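Engineer: Pasting the sequence and the predicted model now:
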Amino acid sequence: MTLKSLAPTLYTKQVKETVKFYTTVLGFTCNNFMDDWGWVSMSRDEVEIMIAYPNSHLTFEKPCFTGSFYIQTDNADSVFDQLKDKVKICYPIETFDYGMREFAIYDNNGYLIQFGNPV
């Protein structure tokens, strides 16, 4: 058995606003928008993210995730320069002792997204 990829689904009641954030700010492409399902598939390069309106059987008050979504890139500095004036920064670009150059932002729902590259 081989696992090939991971495509997280982010729940939000602001599906259209989230698609706009990911496409206009983060440069993702909207591949599939099922308005009647409240579901969207987006990608950029090798990263795929799905956005969905919460299912009725779930208790959902607001977006919540206890971790972060870590996107590896070949140039975190370039990504930071592109985003720094357009997003809410969690922490700015920095080189860490564990060998990564990275920064973190919040998306329009408050989900934490980190971008980094090995140094």
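Structural biologist: Okay, I see it. Numbers count the residues shown, from 1 in each chain.
Engineer: what domains does the record give for the chain?
Structural biologist: 1-52, 66-119 (automatic domain parsing).
Engineer: Distance check, residue 5 against residue 106.
Structural biologist: Noted for residue 5: a distance of 24 Å to residue 106, by CB to CB, to the nearest Å. The way it works is simple: take the backbone N, C-alpha and C, and place the C-beta from them, glycine included.
Engineer: And for residue 30?
Structural biologist: 21 Å.
Engineer: I'd guessed residue 102 sits against residue 118; true?
Structural biologist: No: Residue 102 is beyond contact range of residue 118, at 9.8 Å (criterion: CB atoms under 8 Å).
Engineer: More neighbours: those two, which one.
Structural biologist: residue 102 (24 against 11; other CB atoms under 10 Å).
Engineer: you'd agree the more buried one is in a strand?
Structural biologist: Yes: the assignment for residue 102 by DSSP: H, G, I helix; E, B strand; the rest coil puts it in a strand.
Engineer: partners of it in the sheet?
Structural biologist: Bridge pairing for residue 102 (DSSP bridges) gives the partners residue 94, residue 116.
Engineer: where does it land on pLDDT?
Structural biologist: Note on residue 102: pLDDT of 98.
Engineer: How about residue 79?
Structural biologist: Residue 79 is given a pLDDT of 97.
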